[in-house]
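Enquirer: How does the following fold in three dimensions:
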Amino acid sequence: MEDIEDLLVAGGGGAIPGFRVPVAAAVGVNHKHIKKNRISGSISNATSCNSSKIPGTQTIYLKTFGCSHNQVRKNKFVEILPINVGCLGACTYCKTKHARGHLGSYTVDSLVGRVRTVIADGVRELWLSSEDTGAYGRDIGVSLPILLNSLVSELPPDGSTMLRIGMTNPPYILEHLKEIAEVLRHPCVYSFLHVPVQSGSDSILSAMNREYTVSEFRTVVDTLIELVPGMQIATDVICGFPGETDEDFEQTINLIKEYKFPQVHISQFYPRPGTPAARMKKVPSNIVKKRSRELTTIFESFTPYVIMEGKIEQIWITDVATDGIHLVGHTKGYIQVLVIGPGSMLGSSAMVKITSVGRWSVFGDVIEILTEQAHSRENLSNRNSKCSNDSDTCCSKDSETCACGLASSCGQKQEGTISVSMNDQKPRSQNLIGWLLRKRKNNSQKEMENEVVSKFEEKLRTSEWAFVDSALLGVMLTSLLTAIAICLYLGFSGFSSK
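Expert: This is a model prediction of the structure:
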(Lines give C-alpha, C1' and ligand atoms only; values in the text may rest on other atoms or scores of the structure.)
Protein backbone atom coordinates (compact mmCIF):
# COMPACT_ATOMS: atom_id res chain seq x y z
CA MET A 1 0.00 0.00 0.00
CA GLU A 2 1.13 3.55 -0.67
CA ASP A 3 2.41 5.89 2.04
CA ILE A 4 -0.06 8.14 3.84
CA GLU A 5 1.53 11.17 2.20
CA ASP A 6 0.49 9.79 -1.18
CA LEU A 7 -3.08 9.40 0.05
CA LEU A 8 -3.20 13.09 0.89
CA VAL A 9 -1.98 14.52 -2.38
CA ALA A 10 -3.13 17.91 -3.65
CA GLY A 11 -3.57 19.54 -0.28
CA GLY A 12 -4.79 16.50 1.63
CA GLY A 13 -8.01 16.05 -0.32
CA GLY A 14 -8.05 13.05 -2.65
CA ALA A 15 -6.89 9.45 -2.50
CA ILE A 16 -5.21 7.68 -5.36
CA PRO A 17 -7.58 5.41 -7.34
CA GLY A 18 -8.58 2.27 -5.50
CA PHE A 19 -7.51 3.34 -2.01
CA ARG A 20 -9.54 4.72 0.87
CA VAL A 21 -8.62 7.97 2.59
CA PRO A 22 -7.67 7.18 6.21
CA VAL A 23 -9.96 8.22 9.03
CA ALA A 24 -9.12 11.82 9.88
CA ALA A 25 -8.68 11.02 13.56
CA ALA A 26 -6.18 8.24 12.82
CA VAL A 27 -3.27 10.66 12.52
CA GLY A 28 -3.60 14.03 14.19
CA VAL A 29 -2.41 16.38 16.85
CA ASN A 30 -3.00 16.24 20.57
CA HIS A 31 -6.20 18.24 21.02
CA LYS A 32 -5.41 19.02 24.66
CA HIS A 33 -2.16 20.56 23.52
CA ILE A 34 -4.02 22.70 20.96
CA LYS A 35 -6.42 23.92 23.64
CA LYS A 36 -3.57 25.07 25.84
CA ASN A 37 -1.96 26.85 22.91
CA ARG A 38 -5.20 28.63 22.11
CA ILE A 39 -5.44 29.89 25.66
CA SER A 40 -1.95 31.30 25.48
CA GLY A 41 -2.60 32.61 21.98
CA SER A 42 0.30 30.71 20.41
CA ILE A 43 -1.26 28.47 17.80
CA SER A 44 1.23 27.81 15.02
CA ASN A 45 0.60 27.16 11.37
CA ALA A 46 1.74 23.56 11.88
CA THR A 47 -1.46 22.81 13.75
CA SER A 48 -3.75 23.95 10.97
CA CYS A 49 -6.47 21.60 9.76
CA ASN A 50 -4.72 20.58 6.57
CA SER A 51 -1.17 20.20 7.87
CA SER A 52 -2.30 18.17 10.89
CA LYS A 53 -3.14 15.31 8.53
CA ILE A 54 0.29 15.17 6.93
CA PRO A 55 3.02 13.16 8.75
CA GLY A 56 6.13 15.17 9.45
CA THR A 57 4.41 18.40 10.45
CA GLN A 58 4.34 17.48 14.14
CA THR A 59 5.65 14.88 16.54
CA ILE A 60 3.58 11.73 16.85
CA TYR A 61 4.07 8.43 18.65
CA LEU A 62 3.00 5.08 17.19
CA LYS A 63 2.95 1.69 18.87
CA THR A 64 1.69 -1.47 17.20
CA PHE A 65 0.24 -4.59 18.78
CA GLY A 66 -0.44 -8.07 17.47
CA CYS A 67 -1.75 -8.24 13.93
CA SER A 68 0.64 -7.83 11.00
CA HIS A 69 -1.93 -5.39 9.58
CA ASN A 70 -0.49 -2.84 12.00
CA GLN A 71 3.06 -3.22 10.68
CA VAL A 72 4.35 -0.37 6.98
CA ARG A 73 7.62 -3.64 5.65
CA LYS A 74 10.62 -4.66 7.97
CA ASN A 75 11.98 -7.44 5.78
CA LYS A 76 12.80 -6.66 2.16
CA PHE A 77 11.71 -10.15 1.16
CA VAL A 78 8.30 -10.01 2.90
CA GLU A 79 5.53 -7.61 1.88
CA ILE A 80 2.55 -7.09 4.22
CA LEU A 81 -0.35 -6.20 1.93
CA PRO A 82 -3.56 -4.90 3.57
CA ILE A 83 -6.55 -5.83 1.39
CA ASN A 84 -9.25 -4.14 3.47
CA VAL A 85 -9.77 -2.25 6.71
CA GLY A 86 -12.54 -2.47 9.25
CA CYS A 87 -14.87 -5.44 9.64
CA LEU A 88 -18.46 -6.60 9.37
CA GLY A 89 -18.53 -8.27 12.78
CA ALA A 90 -19.62 -6.93 16.14
CA CYS A 91 -17.87 -9.19 18.66
CA THR A 92 -18.83 -8.16 22.19
CA TYR A 93 -15.22 -8.23 23.46
CA CYS A 94 -13.50 -6.44 20.57
CA LYS A 95 -12.73 -2.76 19.87
CA THR A 96 -11.44 -3.27 16.34
CA LYS A 97 -14.59 -1.85 14.80
CA HIS A 98 -14.33 1.17 17.11
CA ALA A 99 -10.81 1.81 15.81
CA ARG A 100 -11.13 0.73 12.17
CA GLY A 101 -14.77 1.30 11.39
CA HIS A 102 -16.95 -0.55 8.89
CA LEU A 103 -15.51 -2.77 6.16
CA GLY A 104 -13.65 -0.94 3.42
CA SER A 105 -12.00 -3.04 0.69
CA TYR A 106 -9.31 -1.93 -1.73
CA THR A 107 -10.02 -2.62 -5.39
CA VAL A 108 -8.68 -5.71 -7.11
CA ASP A 109 -6.80 -3.63 -9.69
CA SER A 110 -5.01 -1.53 -7.06
CA LEU A 111 -3.89 -4.66 -5.17
CA VAL A 112 -2.75 -6.40 -8.36
CA GLY A 113 -0.71 -3.33 -9.24
CA ARG A 114 0.92 -3.33 -5.83
CA VAL A 115 1.81 -7.02 -6.17
CA ARG A 116 3.48 -6.38 -9.51
CA THR A 117 5.53 -3.57 -7.98
CA VAL A 118 6.79 -5.46 -4.94
CA ILE A 119 7.64 -8.59 -6.95
CA ALA A 120 9.78 -6.42 -9.20
CA ASP A 121 11.46 -5.14 -6.02
CA GLY A 122 12.51 -8.67 -5.10
CA VAL A 123 9.80 -9.60 -2.57
CA ARG A 124 9.57 -13.36 -1.97
CA GLU A 125 6.56 -13.55 0.38
CA LEU A 126 3.26 -11.70 0.21
CA TRP A 127 1.15 -11.61 3.37
CA LEU A 128 -2.46 -10.66 2.77
CA SER A 129 -3.61 -8.88 5.90
CA SER A 130 -6.79 -7.40 7.32
CA GLU A 131 -9.12 -7.55 10.31
CA ASP A 132 -10.97 -10.32 8.47
CA THR A 133 -9.59 -11.53 5.14
CA GLY A 134 -12.68 -13.63 4.39
CA ALA A 135 -14.93 -10.55 4.36
CA TYR A 136 -12.94 -8.94 1.55
CA GLY A 137 -14.94 -7.37 -1.25
CA ARG A 138 -18.43 -7.62 0.21
CA ASP A 139 -18.66 -3.83 0.17
CA ILE A 140 -17.52 -3.40 -3.45
CA GLY A 141 -19.26 -6.33 -5.12
CA VAL A 142 -16.38 -8.83 -5.35
CA SER A 143 -15.19 -11.75 -3.21
CA LEU A 144 -11.99 -13.16 -1.73
CA PRO A 145 -11.66 -15.94 -4.36
CA ILE A 146 -11.82 -13.32 -7.14
CA LEU A 147 -8.98 -11.38 -5.51
CA LEU A 148 -6.90 -14.47 -4.77
CA ASN A 149 -7.09 -15.76 -8.34
CA SER A 150 -6.12 -12.34 -9.66
CA LEU A 151 -3.10 -12.13 -7.36
CA VAL A 152 -1.97 -15.70 -8.01
CA SER A 153 -1.89 -15.03 -11.74
CA GLU A 154 0.74 -12.35 -11.06
CA LEU A 155 3.13 -14.63 -9.14
CA PRO A 156 6.31 -15.67 -10.99
CA PRO A 157 5.86 -19.17 -12.45
CA ASP A 158 9.32 -20.21 -11.27
CA GLY A 159 7.90 -20.52 -7.74
CA SER A 160 10.19 -17.84 -6.30
CA THR A 161 7.42 -15.81 -4.62
CA MET A 162 4.81 -17.24 -2.26
CA LEU A 163 1.43 -15.92 -1.13
CA ARG A 164 0.12 -16.28 2.43
CA ILE A 165 -3.58 -15.70 3.11
CA GLY A 166 -4.29 -13.82 6.33
CA MET A 167 -6.66 -14.45 9.23
CA THR A 168 -10.26 -15.12 8.36
CA ASN A 169 -13.28 -15.74 10.58
CA PRO A 170 -15.47 -18.78 9.80
CA PRO A 171 -18.71 -17.00 8.73
CA TYR A 172 -17.25 -15.35 5.65
CA ILE A 173 -15.48 -18.31 4.03
CA LEU A 174 -18.15 -20.98 4.47
CA GLU A 175 -19.67 -20.17 1.09
CA HIS A 176 -16.25 -20.06 -0.63
CA LEU A 177 -14.55 -23.10 0.91
CA LYS A 178 -13.98 -25.04 -2.30
CA GLU A 179 -12.69 -22.01 -4.20
CA ILE A 180 -10.33 -21.09 -1.36
CA ALA A 181 -9.14 -24.70 -1.09
CA GLU A 182 -8.29 -24.62 -4.79
CA VAL A 183 -6.16 -21.51 -4.28
CA LEU A 184 -4.45 -23.06 -1.24
CA ARG A 185 -3.45 -26.05 -3.39
CA HIS A 186 -1.62 -23.76 -5.81
CA PRO A 187 2.18 -24.36 -5.72
CA CYS A 188 2.82 -20.64 -5.07
CA VAL A 189 0.38 -20.34 -2.15
CA TYR A 190 1.15 -21.52 1.37
CA SER A 191 -1.19 -24.29 2.53
CA PHE A 192 -1.84 -22.40 5.74
CA LEU A 193 -4.78 -20.47 7.18
CA HIS A 194 -5.48 -18.74 10.48
CA VAL A 195 -9.10 -19.43 11.50
CA PRO A 196 -9.96 -18.28 15.06
CA VAL A 197 -12.46 -20.40 16.99
CA GLN A 198 -12.21 -18.52 20.35
CA SER A 199 -14.32 -21.14 22.19
CA GLY A 200 -15.50 -24.71 21.79
CA SER A 201 -18.87 -23.87 23.36
CA ASP A 202 -21.83 -22.63 21.31
CA SER A 203 -23.23 -20.74 24.28
CA ILE A 204 -20.00 -18.80 24.72
CA LEU A 205 -19.75 -18.13 20.97
CA SER A 206 -23.26 -16.71 21.16
CA ALA A 207 -22.28 -14.47 24.09
CA MET A 208 -19.27 -13.34 22.07
CA ASN A 209 -21.56 -12.63 19.08
CA ARG A 210 -19.22 -14.56 16.82
CA GLU A 211 -21.97 -15.40 14.30
CA TYR A 212 -21.02 -19.07 13.82
CA THR A 213 -21.31 -22.36 15.67
CA VAL A 214 -18.71 -24.94 16.61
CA SER A 215 -20.19 -27.19 13.94
CA GLU A 216 -19.60 -24.54 11.27
CA PHE A 217 -16.01 -24.10 12.46
CA ARG A 218 -15.55 -27.85 12.14
CA THR A 219 -16.92 -27.69 8.59
CA VAL A 220 -14.28 -25.11 7.65
CA VAL A 221 -11.43 -27.10 9.18
CA ASP A 222 -12.56 -30.52 7.93
CA THR A 223 -13.14 -29.29 4.37
CA LEU A 224 -9.76 -27.60 4.08
CA ILE A 225 -7.91 -30.59 5.55
CA GLU A 226 -9.72 -32.90 3.15
CA LEU A 227 -9.19 -30.83 0.01
CA VAL A 228 -5.70 -29.37 0.61
CA PRO A 229 -2.76 -31.78 1.05
CA GLY A 230 -0.57 -30.88 4.01
CA MET A 231 -3.00 -28.19 5.19
CA GLN A 232 -1.95 -26.40 8.38
CA ILE A 233 -4.51 -24.44 10.41
CA ALA A 234 -3.84 -22.05 13.28
CA THR A 235 -6.54 -20.89 15.67
CA ASP A 236 -7.23 -18.60 18.64
CA VAL A 237 -8.84 -19.30 22.02
CA ILE A 238 -10.00 -16.88 24.72
CA CYS A 239 -9.99 -18.39 28.22
CA GLY A 240 -12.39 -17.15 30.88
CA PHE A 241 -14.89 -15.19 28.81
CA PRO A 242 -17.72 -13.88 31.04
CA GLY A 243 -20.18 -16.67 31.81
CA GLU A 244 -17.79 -19.47 30.81
CA THR A 245 -18.49 -22.53 32.97
CA ASP A 246 -16.29 -25.54 33.60
CA GLU A 247 -18.42 -27.44 31.06
CA ASP A 248 -17.92 -24.72 28.45
CA PHE A 249 -14.16 -24.77 28.97
CA GLU A 250 -14.12 -28.58 28.79
CA GLN A 251 -15.71 -28.38 25.34
CA THR A 252 -12.92 -26.03 24.26
CA ILE A 253 -10.28 -28.45 25.56
CA ASN A 254 -11.90 -31.37 23.73
CA LEU A 255 -11.96 -29.42 20.46
CA ILE A 256 -8.26 -28.50 20.69
CA LYS A 257 -7.34 -32.08 21.65
CA GLU A 258 -9.32 -33.47 18.73
CA TYR A 259 -7.61 -31.41 16.03
CA LYS A 260 -4.21 -30.95 17.70
CA PHE A 261 -3.69 -27.64 15.93
CA PRO A 262 0.04 -26.91 15.36
CA GLN A 263 -0.52 -23.27 16.39
CA VAL A 264 -2.96 -22.06 19.05
CA HIS A 265 -2.88 -18.47 20.27
CA ILE A 266 -4.17 -18.62 23.85
CA SER A 267 -5.24 -15.47 25.65
CA GLN A 268 -7.03 -14.60 28.87
CA PHE A 269 -10.17 -12.52 28.66
CA TYR A 270 -9.52 -8.84 29.22
CA PRO A 271 -12.47 -6.41 29.53
CA ARG A 272 -11.87 -3.62 27.04
CA PRO A 273 -13.57 -0.40 28.13
CA GLY A 274 -16.63 0.48 26.12
CA THR A 275 -17.37 -3.05 24.89
CA PRO A 276 -20.50 -5.00 25.86
CA ALA A 277 -18.38 -7.78 27.37
CA ALA A 278 -16.84 -5.31 29.81
CA ARG A 279 -20.25 -5.00 31.46
CA MET A 280 -20.80 -8.76 31.76
CA LYS A 281 -20.20 -10.71 34.96
CA LYS A 282 -16.58 -11.76 34.99
CA VAL A 283 -15.06 -15.16 35.75
CA PRO A 284 -12.74 -14.90 38.81
CA SER A 285 -9.21 -14.07 37.69
CA ASN A 286 -7.65 -17.06 39.45
CA ILE A 287 -9.94 -19.40 37.47
CA VAL A 288 -9.14 -17.59 34.22
CA LYS A 289 -5.41 -18.02 34.84
CA LYS A 290 -5.87 -21.67 35.80
CA ARG A 291 -7.77 -22.41 32.58
CA SER A 292 -5.17 -20.60 30.50
CA ARG A 293 -2.33 -22.61 32.07
CA GLU A 294 -4.23 -25.88 31.61
CA LEU A 295 -4.92 -25.27 27.93
CA THR A 296 -1.34 -24.13 27.35
CA THR A 297 -0.01 -27.34 28.93
CA ILE A 298 -2.27 -29.44 26.71
CA PHE A 299 -1.25 -27.54 23.58
CA GLU A 300 2.47 -27.78 24.35
CA SER A 301 2.15 -31.56 24.71
CA PHE A 302 1.37 -31.89 20.98
CA THR A 303 4.15 -33.03 18.65
CA PRO A 304 2.86 -31.94 15.24
CA TYR A 305 6.17 -32.05 13.39
CA VAL A 306 7.63 -35.36 14.55
CA ILE A 307 6.56 -37.13 11.34
CA MET A 308 8.68 -34.73 9.27
CA GLU A 309 12.05 -36.06 10.43
CA GLY A 310 13.98 -37.56 7.54
CA LYS A 311 11.69 -36.08 4.88
CA ILE A 312 12.79 -33.85 2.01
CA GLU A 313 10.87 -30.58 1.76
CA GLN A 314 10.95 -27.45 -0.36
CA ILE A 315 11.31 -24.25 1.64
CA TRP A 316 11.36 -20.51 0.93
CA ILE A 317 14.08 -18.69 2.91
CA THR A 318 13.28 -15.10 3.91
CA ASP A 319 14.81 -14.26 7.29
CA VAL A 320 17.61 -14.77 9.81
CA ALA A 321 16.83 -16.50 13.12
CA THR A 322 17.22 -14.69 16.42
CA ASP A 323 20.34 -16.73 17.18
CA GLY A 324 22.07 -15.04 14.26
CA ILE A 325 23.26 -18.42 12.98
CA HIS A 326 20.31 -20.10 11.27
CA LEU A 327 18.34 -18.91 8.29
CA VAL A 328 14.55 -19.13 8.50
CA GLY A 329 12.52 -20.81 5.79
CA HIS A 330 8.99 -22.16 5.53
CA THR A 331 7.52 -25.23 3.90
CA LYS A 332 4.44 -25.22 1.68
CA GLY A 333 2.42 -25.68 4.91
CA TYR A 334 4.25 -22.67 6.43
CA ILE A 335 6.14 -24.82 8.92
CA GLN A 336 9.26 -23.00 10.11
CA VAL A 337 12.51 -24.66 9.06
CA LEU A 338 15.91 -23.53 10.40
CA VAL A 339 18.96 -24.13 8.20
CA ILE A 340 22.60 -23.07 8.23
CA GLY A 341 23.89 -21.29 5.18
CA PRO A 342 25.33 -18.03 3.85
CA GLY A 343 23.29 -14.85 3.87
CA SER A 344 23.18 -14.97 0.08
CA MET A 345 20.55 -17.70 0.41
CA LEU A 346 18.01 -15.18 1.70
CA GLY A 347 15.27 -14.79 -0.88
CA SER A 348 15.95 -18.24 -2.31
CA SER A 349 13.97 -21.46 -2.50
CA ALA A 350 15.73 -24.71 -1.63
CA MET A 351 15.25 -28.42 -1.06
CA VAL A 352 16.19 -29.50 2.45
CA LYS A 353 16.32 -32.74 4.39
CA ILE A 354 14.71 -32.47 7.82
CA THR A 355 17.30 -33.67 10.33
CA SER A 356 15.53 -33.00 13.64
CA VAL A 357 12.28 -31.56 14.94
CA GLY A 358 11.38 -29.28 17.82
CA ARG A 359 8.12 -28.10 19.31
CA TRP A 360 7.94 -24.85 17.37
CA SER A 361 10.14 -25.49 14.34
CA VAL A 362 12.25 -28.10 12.56
CA PHE A 363 15.89 -28.19 11.48
CA GLY A 364 17.17 -29.16 8.07
CA ASP A 365 20.21 -29.48 5.80
CA VAL A 366 20.16 -27.75 2.43
CA ILE A 367 20.66 -30.26 -0.39
CA GLU A 368 19.89 -28.08 -3.40
CA ILE A 369 19.04 -24.46 -4.17
CA LEU A 370 16.10 -24.20 -6.56
CA THR A 371 15.78 -20.47 -7.21
CA GLU A 372 18.27 -17.75 -6.45
CA GLN A 373 17.69 -14.02 -6.07
CA ALA A 374 19.55 -12.90 -9.16
CA HIS A 375 18.18 -15.75 -11.23
CA SER A 376 14.60 -14.97 -10.23
CA ARG A 377 14.93 -11.24 -10.89
CA GLU A 378 16.43 -11.96 -14.30
CA ASN A 379 13.59 -14.33 -15.09
CA LEU A 380 11.02 -11.71 -14.11
CA SER A 381 12.73 -9.02 -16.17
CA ASN A 382 12.93 -11.29 -19.20
CA ARG A 383 9.31 -12.32 -18.77
CA ASN A 384 8.15 -8.71 -18.74
CA SER A 385 10.32 -7.62 -21.65
CA LYS A 386 10.64 -10.65 -23.94
CA CYS A 387 7.70 -13.02 -23.37
CA SER A 388 5.04 -12.00 -25.84
CA ASN A 389 3.29 -15.19 -26.91
CA ASP A 390 0.51 -16.95 -25.04
CA SER A 391 2.64 -19.74 -23.61
CA ASP A 392 5.53 -17.42 -22.64
CA THR A 393 8.00 -19.98 -23.93
CA CYS A 394 11.10 -17.87 -24.33
CA CYS A 395 14.69 -18.16 -23.22
CA SER A 396 17.38 -15.93 -21.83
CA LYS A 397 20.52 -15.97 -23.95
CA ASP A 398 22.71 -15.08 -21.01
CA SER A 399 21.74 -17.85 -18.61
CA GLU A 400 20.35 -20.35 -21.14
CA THR A 401 17.43 -20.96 -18.82
CA CYS A 402 13.78 -20.37 -19.49
CA ALA A 403 12.97 -16.81 -18.61
CA CYS A 404 9.41 -17.73 -17.71
CA GLY A 405 10.18 -20.89 -15.76
CA LEU A 406 9.22 -23.38 -18.48
CA ALA A 407 12.00 -25.89 -19.11
CA SER A 408 10.42 -27.43 -22.21
CA SER A 409 11.32 -24.49 -24.46
CA CYS A 410 15.01 -24.31 -23.58
CA GLY A 411 18.06 -26.43 -24.12
CA GLN A 412 19.96 -27.39 -21.01
CA LYS A 413 18.99 -25.92 -17.66
CA GLN A 414 21.52 -24.18 -15.49
CA GLU A 415 23.13 -26.70 -13.18
CA GLY A 416 21.92 -26.54 -9.61
CA THR A 417 18.55 -24.90 -10.30
CA ILE A 418 15.04 -26.21 -10.90
CA SER A 419 12.29 -24.30 -12.69
CA VAL A 420 9.01 -24.92 -10.92
CA SER A 421 6.03 -24.50 -13.23
CA MET A 422 2.67 -23.63 -11.69
CA ASN A 423 0.91 -26.35 -13.66
CA ASP A 424 3.57 -29.04 -13.75
CA GLN A 425 5.81 -30.19 -10.92
CA LYS A 426 7.39 -33.01 -12.94
CA PRO A 427 10.76 -31.30 -13.67
CA ARG A 428 11.38 -30.82 -9.95
CA SER A 429 10.41 -34.43 -9.17
CA GLN A 430 12.68 -35.80 -11.87
CA ASN A 431 15.53 -33.65 -10.69
CA LEU A 432 14.98 -34.76 -7.10
CA ILE A 433 14.89 -38.44 -8.12
CA GLY A 434 18.06 -37.91 -10.11
CA TRP A 435 19.68 -36.28 -7.11
CA LEU A 436 18.71 -39.22 -4.91
CA LEU A 437 20.13 -41.70 -7.45
CA ARG A 438 23.35 -39.70 -7.71
CA LYS A 439 23.47 -39.51 -3.93
CA ARG A 440 23.05 -43.28 -3.68
CA LYS A 441 25.75 -43.87 -6.28
CA ASN A 442 28.11 -41.46 -4.56
CA ASN A 443 27.44 -43.14 -1.23
CA SER A 444 28.23 -46.55 -2.75
CA GLN A 445 31.45 -45.23 -4.20
CA LYS A 446 32.36 -43.66 -0.89
CA GLU A 447 31.64 -46.92 0.92
CA MET A 448 33.93 -48.83 -1.48
CA GLU A 449 36.64 -46.20 -1.10
CA ASN A 450 36.30 -46.29 2.66
CA GLU A 451 36.54 -50.10 2.64
CA VAL A 452 39.72 -50.06 0.54
CA VAL A 453 41.25 -47.37 2.74
CA SER A 454 40.31 -49.30 5.87
CA LYS A 455 41.94 -52.49 4.57
CA PHE A 456 45.05 -50.60 3.56
CA GLU A 457 45.28 -48.90 6.94
CA GLU A 458 44.75 -52.23 8.69
CA LYS A 459 47.50 -53.85 6.61
CA LEU A 460 49.78 -50.91 7.31
CA ARG A 461 49.08 -51.13 11.02
CA THR A 462 49.76 -54.88 10.86
CA SER A 463 53.09 -54.39 9.11
CA GLU A 464 54.06 -51.65 11.55
CA TRP A 465 53.28 -53.82 14.52
CA ALA A 466 55.13 -56.77 12.92
CA PHE A 467 58.25 -54.64 12.66
CA VAL A 468 57.90 -53.43 16.24
CA ASP A 469 57.34 -56.96 17.51
CA SER A 470 60.43 -58.22 15.68
CA ALA A 471 62.55 -55.41 17.09
CA LEU A 472 61.34 -56.06 20.65
CA LEU A 473 61.97 -59.77 20.30
CA GLY A 474 65.51 -59.11 19.07
CA VAL A 475 66.20 -56.81 22.01
CA MET A 476 64.84 -59.37 24.48
CA LEU A 477 66.94 -62.18 23.01
CA THR A 478 70.06 -60.00 23.02
CA SER A 479 69.44 -59.06 26.66
CA LEU A 480 68.91 -62.71 27.62
CA LEU A 481 72.08 -63.87 25.91
CA THR A 482 74.01 -61.01 27.53
CA ALA A 483 72.70 -61.97 30.96
CA ILE A 484 73.63 -65.63 30.41
CA ALA A 485 77.11 -64.65 29.27
CA ILE A 486 77.62 -62.48 32.36
CA CYS A 487 76.47 -65.27 34.65
CA LEU A 488 78.80 -67.80 33.00
CA TYR A 489 81.68 -65.38 33.20
CA LEU A 490 81.13 -64.71 36.89
CA GLY A 491 80.76 -68.41 37.54
CA PHE A 492 84.01 -69.35 35.83
CA SER A 493 85.82 -66.47 37.55
CA GLY A 494 84.80 -67.69 41.02
CA PHE A 495 85.71 -71.30 40.26
CA SER A 496 89.21 -70.40 39.03
CA SER A 497 89.94 -68.24 42.13
CA LYS A 498 89.34 -71.18 44.38
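Enquirer: Could you list the domains of the protein?
Expert: The chain breaks down by automatic domain parsing into domains covering 1-62, 68-306, 311-369, 373-424, 446-498.
Enquirer: By mean pLDDT, show me the worst of those.
Expert: Mean pLDDT is lowest for domain 373-424 out of the domains of the chain, coming in at a mean of 37.
Enquirer: for the chain, what spans make up the strands?
Expert: With DSSP state E as the criterion, the chain has strands at 78-82, 84-85, 104-105, 125-129, 162-164, 192-194, 232-239, 263-268, 312-320, 326-330, 336-340, 349-357, 362-371.
Enquirer: which one of the ones you listed lies closest to Pro156?
Expert: When those are compared by Cβ to Cβ, strand 362-371 sits nearest Pro156, at 8.7 Å. Just so you know, the C-beta spots here come from the backbone N, C-alpha and C atoms, and that holds for glycine as well.
Enquirer: Any idea which of the strands of the chain gets closest to Gly113?
Expert: Closest to Gly113 of those, according to Cβ to Cβ: strand 78-82, at 11.2 Å.
Enquirer: That closest one vs strand 125-129, what angle?
Expert: Strand 78-82 and strand 125-129 are oriented at 20 degrees to each other (axes from the mean of the first three to the mean of the last three Cα atoms, to 10 degrees).
Enquirer: strand partners of strand 78-82, parallel vs antiparallel please.
Expert: Sheet pairing of strand 78-82 (DSSP bridges) gives strand 125-129 (parallel).
Enquirer: contact partners of the strand it pairs with?
Expert: Strand 125-129 is contacted from outside by 67-69, 77-83, 115, 118, 151, 161-166, 316, 318, using Cβ atoms under 8 Å, 6 or more residues apart in numbering.
Enquirer: related to what we said a few turns ago, can you tell me which of the strands of the chain is most buried?
Expert: Highest mean neighbour count of the strands of the chain: strand 84-85, a mean of 24 (counted as mean count of other Cβ atoms under 10 Å).
Enquirer: Walk me through which strands it pairs with, and which way each runs.
Expert: Within its sheet, strand 84-85 is paired with strand 104-105 (antiparallel), according to DSSP bridges.
Enquirer: which other residues reach the partner strand?
Expert: 20, 83-86, 136-140, 142.
Enquirer: could you redo the last one with a cut-off of 7 Å?
Expert: 20, 83-86, 136-137, 139-140 (Cβ atoms under 7 Å, 6 or more residues apart in numbering).
Enquirer: From the residues you listed, list the buried ones, please.
Expert: Those of the contacts of strand 104-105 that meet the buried threshold are 83-86, 136-137, by 16 or more other Cβ atoms under 10 Å.
Enquirer: ok, so of those, who is nearest Tyr259?
Expert: Of all the buried ones among the contacts of strand 104-105, Tyr259 sits closest to Tyr136, with 25.5 Å by Cβ to Cβ.
Enquirer: ok, the closest one - contacts?
Expert: 83-84, 105, 130, 144, 147.
Enquirer: Switch these over to JSON lines; also include distance to Ile335.
Expert: Listed next are the contacts of Tyr136 as JSON lines, based on distance: Cβ to Cβ, whole Å:
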{"residue": "Ile83", "distance to Ile335": "24"}
{"residue": "Asn84", "distance to Ile335": "28"}
{"residue": "Ser105", "distance to Ile335": "30"}
{"residue": "Ser130", "distance to Ile335": "24"}
{"residue": "Leu144", "distance to Ile335": "24"}
{"residue": "Leu147", "distance to Ile335": "25"}
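Enquirer: Between which two of those is the distance greatest?
Expert: Farthest pair in the contacts of Tyr136, by Cβ to Cβ: Ser130 and Leu147, 10.9 Å.
Enquirer: what do these two both touch?
Expert: By Cβ under 7 Å, 6+ apart, Ser130 and Leu147 have these common neighbours: 83, 136.
Enquirer: Comparing these two, which residue is more hemmed in?
Expert: Neighbours were counted for Ser130 and for Leu147 using other Cβ atoms under 10 Å; Ser130 has more, 27 against 23.
Enquirer: you'd agree the more buried one is up against Asn169?
Expert: No: at 10.8 Å, Ser130 does not count as touching Asn169 under the criterion of Cβ atoms under 7 Å.
Enquirer: How about the contacts made by Lys353?
Expert: Listed by Cβ under 7 Å, 6+ apart, the contact set of Lys353 reads 312, 364-365, 367.
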